[in-house]
Structures are given as structure tokens and as C-alpha cells.
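In: Sequence plus predicted model, see below.
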Amino acid sequence: MITGEQVYLPAFKSGQTHLSLEGSEFHHLIRVRRFGVDAQIWVVNGQGHAGLAEIDEIQDAKLSLKILEEYPHRGEHERKLVLAVANLKGDHLNLIVEKATELGVTEIAPLLTAHTVKRGINQSRLERIAIAAMKQSRRSLLPKIHELSSPAKFAEAHKDGFHLFCHADEKSVELMQLDSKIRSSNPIVIWIGPEGDWSKDEIDLASVSDYTFTGLGPRRLRAETAAIHAVGVVSALLQDSA
């Protein structure tokens with residue numbers, strides 16, 4: 001029986017025919033989901049590789065899996081999609097990480113902007129959220145969660161690619177009008193500011209870096225809504241061009 005169940009096993013490498021699964025993934029499959037021998041599940045390593053596997057043997061605290069077929073890049077775009085987003089109050093960044101992972105981002109960089117109120121992140125928690133979202137959305141690549149950094153530091157380390165700087169400005173171009181450029185670029189970096197908007201220095205940084213100032217429509221969106229909307233549109237364009 002093939003199911004949509006997916007487990008995360010970083011040790012899984014291409015060419016392996018048998019795997020062992022224990023710990024929390026074992027507990028969820030056997031104690032919670034009640035899977036038995038011969039059930040088929042998906043195994044992903046978070047590095048872009050997936051395998052269809054069959055439960056071969058179940059012991060007290062672990063089980064054995066037999067790889068039936070491999071699927072490189074299962075559920076992934078061909079290009080990198082990076083989200084650089086201001087750190088937000090409350091659990092809003094958690095929501096962004098979850099939804100952006102489901103929508104196909106490959107990297108998420110929380111930013112400490114001039115108008116950022118919350119000054120820290122729980123990176124291990126964000127990584128756990130990303131793992132759960134990767135499994136739920138049937139992806140095979142676990143997005144990289146960067147450490148909290150300033151926009152200038154992130155910009156210095158990410159000079160390549162097509163940068164979409166989301167900011168309401170008279171020179172901003174609506175996102176959908178950039179579809180041909182988005183479809184032909186790699187990587188694509190989406191910048192989302194805080195609730196208090198970007199500072200003048202941050203806007204100047206984007207300008208001198210020759211980023212494309214991008215509008216997200218006529219409505220004023222909360223930062224988390226803007227991030228999810230922008231990633232969703234770009235992801236759909238990339239999917240359509242695959």
C-alpha cells in the first residue's frame with residue numbers, strides 16, 4: 001500500500017537499498033500512524049533526494065526500510081528561491097517559515113532591520129517548523145534557515161541573482177509584470193520589510209544594488225501576508241515555466 005506519508009532521514013544517500021529508522025520518526029509511523037510491514041512510504045534526506053520505500057521489518061524501537069525507487073529533486077523547482085524577510089513580532093516568522101517552505105523556497109534569511117522590534121530568533125524552532133512543512137508538502141529539500149543578520153550583511157553575501165525588493169514606491173513594478181524576468185533568473189531573492197517599512201538607508205542599499213523595486217498590488221498587506229503572497233506568486237511562475 002502506497003501512502004503519502006513522508007519521513008525525514010538525513011542519512012539517506014543515493015544508491016542505498018536498505019535503511020534503518022528509529023526515534024521520533026519511528027514512533028510517529030508505528031505508534032501513532034500504526035503502519036505495518038509492507039506499507040510503502042516516502043523517505044527524503046532534505047538535500048533534494050527522495051525514495052519510495054517499503055517497511056521490511058519492525059522491531060521494538062526501530063524498523064527496516066527497503067528502497068524501491070529513487071526520485072531526485074522530488075517536489076522541487078529547478079532554481080533557487082530565497083526569502084529575505086524582516087524578523088517579526090510574535091509567531092509571525094514561524095508562519096512565514098512554514099508557508100514559504102510549503103511554497104518551495106530554498107533559503108530563508110531573517111533580517112534585523114532598522115525598524116525591527118523583535119531582536120532575536122529561535123533558529124532551532126524555525127528549523128523544526130521547516131522540517132514539518134517539508135514533509136507535509138512532499139518536498140525533498142529542506143530550506144536553509146540563516147542566522148539573523150542585517151540587510152547589508154545579507155546583501156554582501158548574496159550579490160548574484162534577481163533581487164525583488166518589495167516596497168511601495170513610484171518606481172515599483174507590479175510583481176506579475178516581471179514574469180519573464182522571474183522565469184529566466186536564478187537565483188531569485190525576495191526582500192520583505194518589517195511592519196514599520198524599510199528605512200531610508202535600506203532603501204538606498206537596494207537602489208545602489210540595482211534591485212528591482214516591486215509592488216504587491218493596491219492593498220496594504222501585513223508583512224507576513226506580503227511574504228507569503230510574494231513567494232506564492234513567484235513559485236507559481238517558476239512552476240509554470242518548468
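Out: Alright, I've got the coordinates. Bear in mind that the values here come from a model prediction, so they are computed numbers and not experimental data.
In: helices or strands next to the longest helix along the chain in the packing?
Out: In the chain, assigned by DSSP state H, the helix with the most residues is helix 223-241. Judged by 3 or more CB pairs under 8 Å, 6 or more residues apart in numbering; DSSP states H and E, the packing partners of helix 223-241 are strand 81-86, helix 92-103, strand 162-166, helix 179-183, strand 188-192. Glycine gets a C-beta too; all of them are placed from N, C-alpha and C.
In: Off-centre distance for it?
Out: 11 Å (CA atoms, centre = their mean, to the nearest Å).
In: Quick one: the strands in this protein, in order.
Out: 2-8, 18-22, 40-44, 49-58, 62-72, 81-86, 107-111, 144-145, 162-166, 173-174, 188-192, 212-215 (DSSP state E).
In: how about the CA coordinates for the fifth one, as PDB?
Out: If I follow you right, that is strand 62-72. C-alpha atoms of strand 62-72 as PDB (Å, rounded to 0.1, in the frame of the first residue of the first chain):
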ATOM      1  CA  LYS A  62      13.300   0.700  15.100                       C
ATOM      2  CA  LEU A  63      12.300  -0.500  11.700                       C
ATOM      3  CA  SER A  64      14.000  -1.500   8.400                       C
ATOM      4  CA  LEU A  65      13.100   0.000   5.100                       C
ATOM      5  CA  LYS A  66      13.800  -1.300   1.600                       C
ATOM      6  CA  ILE A  67      14.200   1.400  -1.100                       C
ATOM      7  CA  LEU A  68      12.100   0.500  -4.200                       C
ATOM      8  CA  GLU A  69      12.900   3.500  -6.400                       C
ATOM      9  CA  GLU A  70      14.700   6.900  -6.200                       C
ATOM     10  CA  TYR A  71      13.300  10.300  -7.100                       C
ATOM     11  CA  PRO A  72      15.900  13.100  -7.300                       C
END
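In: what angle do it and strand 40-44 make?
Out: For strand 62-72 against strand 40-44, the angle by axes from the mean of the first three to the mean of the last three CA atoms, to 10 degrees is 70 degrees.
In: what lines up beside strand 62-72 in the sheet?
Out: strand 18-22 (antiparallel), strand 49-58 (antiparallel) (DSSP bridges).
In: for stretch 68-84, which positions count as buried?
Out: Neighbour counts over stretch 68-84 (16 or more other CB atoms under 10 Å) mark 70, 74, 75, 76, 77, 79, 80, 81, 82, 83, 84 as buried.
In: What is the lowest-pLDDT residue among those?
Out: For those, the weakest pLDDT value sits at residue 77, with 89.
In: can I assume that one is in contact with residue 104?
Out: Yes: look at residue 77 against residue 104 with CB atoms under 8 Å: they come within range, at 5.4 Å.
In: which residues are common contacts for those two?
Out: 235, 238, 239 (CB atoms under 8 Å, 6 or more residues apart in numbering).
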